[in-house]
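In: Attaching a predicted model along with its sequence, questions to come.
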Amino acid sequence: MDRPSLLLLVIFLLSGGMVSAINIFSTPSCNIEPSDIDNDCSIGICNNQITRILNGTVLGEPLPYLFLPLADPLISVLSSMYETPIQFRQALYHGNSCYNTAAMYHPTALDIWGHDDNRICIDNFASEEEKNIHEQVAVAYTFAYSATIIAPGSKDTITDIMDNLLKLPMINLDGSPDIGTPWGLAKRIVDQMSDFAESDGWNADGSLNHDFNKMPFSDFNFEEYSVYDALQASAANKYRSDKCNEEWHWENLIETNGRGYFTKQEHVTPFAGFTGRLYGMSSAEYESFSISKPEYDYCAEVDFVLGETRNMTVDDKKKMELEFFDSKFTSLLPMQIEWTIQNQFSLFEFWFYDMALVTAMYDATMLVWREKVAFNAARPTTVVHELKGDEEVETYAGPFIGSRKIKAIDWQPYIRTMPHAEYPSGSSCICTAYAEVMQLLTGKDSTGQFSVGASFETGSSKAEPGKVPSNNIDFVYKTWSEVQHFCGESRLHGGMHFSKAVKAGEDLCTDIASLIVNRAELLKAGDANGAFADLNDTSMTVKKRSEINDDSATQPPGGTNTGLLFVVGLVSILMSVVW
């Protein structure tokens, strides 16, 4: 081969071969010309109007992010209308849609697919302020439109805030708006995410097991995965010879609305950890995470639970911390928003952190759900009632009563026992992922200049309103590990878990964050190797479970890039031949 031919081959490798696939040696080019925000308000939305909202002229105080008034309605609907795993699924799609929009105004960042097809030509804005306003409006529309899809119960409130408070008419999303407009970009990105979510293995529309009268998120058979059967587990609990040391399986607990209606729990989304789509983590990485059986002495565990709830009755701090962390959407998310505002994050930084957090917590949810179904462990309520029966025990006797001698069959935890198996703790797993993401992104365990937490006024308890707490309580956490610790431990104080579940959740979900953050940093730098998922792969697969951790399979991405080394090595050889 002559020298010109070799040079052409080198140029091809550097410009169009494997190197271009990992986005190095080149600056991302823009594809979308921004349009339709002006200064004279002739089209209804203008720079001056948005500036007056952001600087506080309209609302009475500055608004660091235009989407902020939309946050509370969405959090309220997600936390009150959906079960835990579905909350994290919805948050994943919402947060990643908002990140995808913000990334298109960043100089290098790619969306979660590793693409920049929708990149806005930011150099074409007349000023940095004009660019920022365009981005603020685009993210607000993304937030609002996505919220109405993942939480339809929020639609009326979201629309009212957009139309009347922010003066961003939702009608702009109708039809096929120009992608150069903030609302056009928002619609394209949210529609793309929604289309991809349809095949994510969660049976979100119920079509995997019914053609008509579908039941969203219901259990289904798929390949090696079979529907969960709680009746067999319940029967096994009745006929065991050693009630202390044999396994107790999860049973459907009875719930009531207090108005004469009773229902038996069904295990929520038992399929999630097996058929759900992964983001930011490969199947091999996912399957390498596992924990061992709890090997409970249930007789001792029953005494432990009854003692924990007895001690909780005289400790308002434990009660309120338990209530606070019961919903991660009314604890972790508001803390995160406040901390981000205090640290004056840019709009992109806000959603970059959120993207890493919601993805890590989503994967953690899938993982802990897989283990819950695999171990299928009974909740304390079942075991206490079966083992102790009519025996009188000194423990928590119910709201406003405190600790009394009661029949064990009458005992209940301080708050609702969620409809899924006991081991491991989902809360400790999810809060571990949350804390580790923050530690990795900030480079330290300390929350820095600003602590995180919450304050509760006298009598503000939901379980014992008007009585608890007896005085104002402030929770102040100065490290992310404190958040992780108290989030997990609170589940023990309330009687929802036995002694080993919290530690097991922490162990299981340790290092999930490193996989997600490594990939997120690659996306931020413009490297498509960080892609969280393949937009062209809509297949559904069943994930397996390994009994033994294989450390060799959990190497985080972002280390040695073998593809790059191959190209660089090949180029070096070719250049030596040429010259």
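Out: Nice, I can see it.
In: which residues of the stretch 151-300 of the chain fall in strands?
Out: Here the stretch 151-300 of the chain has its strands, by DSSP state E, counting those that start in this stretch, at 254-256, 262-264.
In: and what of the chain?
Out: Assigned by DSSP state E, the strands in the chain fall at 254-256, 262-264, 392-396, 403-407, 452-456, 473-477.
In: Looking at those, which is nearest to His94?
Out: For the strands of the chain, the distance to His94 is smallest for strand 452-456, at 21.5 Å, taking C-beta to C-beta. C-beta here means a position set from N, CA and C on the backbone, and glycine is covered the same way.
In: ok, Asp72 to Ala272 distance?
Out: From Asp72 over to Ala272 the distance is 27 Å, taken as C-beta to C-beta, to the nearest Å.
In: what about those two, which has more around it?
Out: Per other C-beta atoms under 10 Å, whichever of Asp72 and Ala272 has more neighbours is Ala272, with 27 against 15.
In: dump the residue contacts of the closest residue to the more buried one other than its chain neighbours.
Out: Spatial nearest neighbour of Ala272, chain neighbours left out: Trp369 (4.5 Å); criterion: C-beta to C-beta, 6 or more residues apart in numbering. Counting by C-beta atoms under 8 Å, 6 or more residues apart in numbering, Trp369 touches Pro85, Thr269, Pro270, Ala272, Gly273, His420, Gly426.
In: and the third one, how many neighbours does it have?
Out: A count of neighbours around Pro270, defined by other C-beta under 10 Å, yields 25.
In: Next: the first one.
Out: Residue neighbour count, defined by other C-beta under 10 Å, stands at 26 for Pro85.
In: again with the second one
Out: Burial measure for Thr269: 26 neighbouring residues, criterion other C-beta under 10 Å.
In: Can you read off the pLDDT for it?
Out: Predicted confidence (pLDDT) at Thr269: the value is 97.
In: Against Arg370, how distant is it?
Out: 11 Å.
In: Show me the residue at the heart of the chain, geometrically.
Out: Nearest to the centroid of the C-alpha atoms of the chain, with distances taken as C-alpha atoms, centre = their mean, sits Val358, at 3.2 Å.
In: Can you tell me the closest non-neighbouring residue to that one?
Out: Gly95 (3.8 Å).
In: Any stretches of the stretch 101-250 of the chain with poor pLDDT?
Out: The model of the stretch 101-250 of the chain has pLDDT under 70 over residues 231-241.
In: I'd assumed Asn96 was in contact with the residue nearest to the centre of the chain.
Out: Yes - in terms of C-beta atoms under 8 Å, Val358 counts as a neighbour of Asn96; the distance is 6.8 Å.
In: Just list the residues touching Ile337, thanks.
Out: Ile337 is in contact with Leu68, Ala71, counting by C-beta under 8 Å, 6+ apart.
In: ok, Trp475 - contacts?
Out: One thing to correct before we go on: residue 475 is Phe, not Trp. Neighbouring residues of Phe475 by C-beta under 8 Å, 6+ apart: Met320, Glu321, Phe324, Gly453, Ala454, Ser455, Phe456, Phe486.
In: tell me the helices in the stretch 251-400 of the chain, going along the chain?
Out: With DSSP state H, counting those that start in this stretch as the criterion, the stretch 251-400 of the chain has helices at 272-275, 283-287, 298-312, 316-326, 332-342, 347-375, 380-388.
In: What mean pLDDT does the fifth one get?
Out: I take that to be helix 332-342. Mean predicted lDDT for helix 332-342 stands at 95.
In: what angle sits between that helix and helix 347-375?
Out: Angle between the axes of helix 332-342 and helix 347-375 is 160 degrees (criterion: axes from the mean of the first three to the mean of the last three C-alpha atoms, to 10 degrees).
In: the inter-axis angle of helix 332-342 versus helix 316-326?
Out: Orientation note: helix 332-342 sits at an angle of 90 degrees relative to helix 316-326 (the same axes, to 10 degrees).
In: All the helices of the stretch 401-550 of the chain, residue numbers only.
Out: For the stretch 401-550 of the chain, the helices defined by DSSP H, counting those that start in this stretch cover 426-442, 480-493, 501-509, 512-524.
In: looking at those, which is buried most?
Out: Highest mean neighbour count among those (mean count of other C-beta atoms under 10 Å): helix 426-442, with a mean of 25.
In: Kindly calculate the angle that that helix makes with helix 332-342.
Out: Using the same axes, to 10 degrees: helix 426-442 against helix 332-342 is 20 degrees.
In: Helix 426-442 packs against which elements?
Out: Helices and strands touching helix 426-442, as assessed by 3 or more C-beta pairs under 8 Å, 6 or more residues apart in numbering; DSSP states H and E, comprise helix 347-375, helix 480-493, helix 501-509, helix 512-524.
In: ok, now with 10 Å
Out: On a contact count with 3 or more C-beta pairs under 10 Å, 6 or more residues apart in numbering; DSSP states H and E, helix 426-442 meets helix 84-103, helix 316-326, helix 332-342, helix 347-375, helix 480-493, helix 501-509, helix 512-524.
In: quick check: mean pLDDT across it?
Out: Helix 426-442 shows a mean pLDDT of 97.
In: now Asn311: how far from Asp303?
Out: 12 Å.
In: Now do the shared contacts for the two.
Out: Counting by C-beta atoms under 10 Å, 6 or more residues apart in numbering, the common neighbours of Asn311 and Asp303 are Thr395.
In: show me the contacts for Met482.
Out: One correction, residue 482 is Glu, not Met. Glu482 makes contact with Ala435, Asp445, Ser446, Thr447, Ser451, Val452, Gly453, Phe475, Val476, according to C-beta under 10 Å, 6+ apart.
In: quick revisit: find residues that contact each of Val358 and Asn96.
Out: Shared contacts of Val358 and Asn96, counting by C-beta under 10 Å, 6+ apart, come down to Tyr279, Trp351.
In: ok, now which ones touch Ala501?
Out: Neighbour list for Ala501: 294, 296, 301, 372, 375, 377, 380, 421-429, 488, 491-492 [criterion: C-beta under 10 Å, 6+ apart].
In: which non-adjacent residue is nearest it?
Out: Ser425 (4.3 Å).
In: what about that neighbour, neighbour count?
Out: 29.
In: same thing with Pro107?
Out: That count, for Pro107 with other C-beta under 10 Å as the rule, works out to 12.
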